[in-house]
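Student: sequence and computational prediction follow.
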Amino acid sequence: MADDPTPSPVDHLKSYGFPRSLRLTEKTLFLEVYDRRRKVHAGPLVVYGKPNGGPHPRLGMSIGRKVGGAVRRNRIRRLVRESFRLMQHDLPKGYDFVINVRPHEPFELAEYQRLLARAARQLHQSWTRKPEPDNTNPPVPLD
């Protein structure tokens with residue numbers, strides 16, 4: 001029975017794919033993250049984050065033309081996306097991350113992983129220390 005090829009339930013939970021459900025693809029989702037105004041600078045990456053209430057982190061990315069030509073931008077995009085894919089189980093659960101890339105020479109994959117882990121940890125600490133105020137009952141102004 002040790003040669004049973006059926007995957008265990010744990011293997012299914014630790015999938016390292018990057019399905020559409022892990023991506024932020026709509027402009028409204030990006031704007032929601034930007035509107036929360038929680039960001040961390042990690043080297044050439046500016047990482048914005050907000051809790052999404054879901055079971056896993058999601059990633060959105062923005063890379064402008066100032067970063068370089070299409071080849072450089074796509075290389076950096078692939079490296080950042082791959083670092084997120086490999087670290088998705090180690091990042092805080094239930095956050096949306098939007099990464100803006102500033103101009104730089106492409107790093108090794110391990111460096112992007114280090115920067116992303118540090119930024120995610122700092123954003124998580126920021127949200128746990130000072131959660132967003134509840135705006136359902138705003139304070140009544142005094143006359």
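Tutor: Everything's here; your move.
Student: when you work out contacts or count neighbours from here on, use the C-alpha atoms and nothing else.
Tutor: Noted.
Student: could you list the low-confidence segments of the protein?
Tutor: 1-14, 19, 132-143 (pLDDT under 70).
Student: can you give me the helices for it?
Tutor: 9-13, 27-35, 70-87, 109-129 (DSSP state H).
Student: could you give the number of residues near the closest residue to Ala117 other than its chain neighbours?
Tutor: The shortest distance from Ala117 to any non-neighbouring residue, by C-alpha to C-alpha, 6 or more residues apart in numbering, is to Leu91 (6.8 Å). Residues contacting Leu91 under the criterion other C-alpha atoms under 10 Å number 19.
Student: what's the separation between Leu91 and Leu109?
Tutor: Note on Leu91: its distance to Leu109, by C-alpha to C-alpha, to the nearest Å, is 16 Å.
Student: Val101 now?
Tutor: 15 Å.
Student: swap in Arg72?
Tutor: The value you get for Arg72 to Leu109, if C-alpha to C-alpha is used, is 14 Å.
Student: and for Arg36?
Tutor: Distance from Arg36 to Leu109, by C-alpha to C-alpha: 29 Å.
Student: report how many residues lie close to Pro106.
Tutor: If we define neighbours as other C-alpha under 10 Å, then Pro106 has 17 of them.
Student: isn't it up against Arg75?
Tutor: Yes. Pro106 lies in contact with Arg75 (C-alpha atoms under 8 Å); the separation is 7.4 Å.
Student: brilliant, that's me finished.
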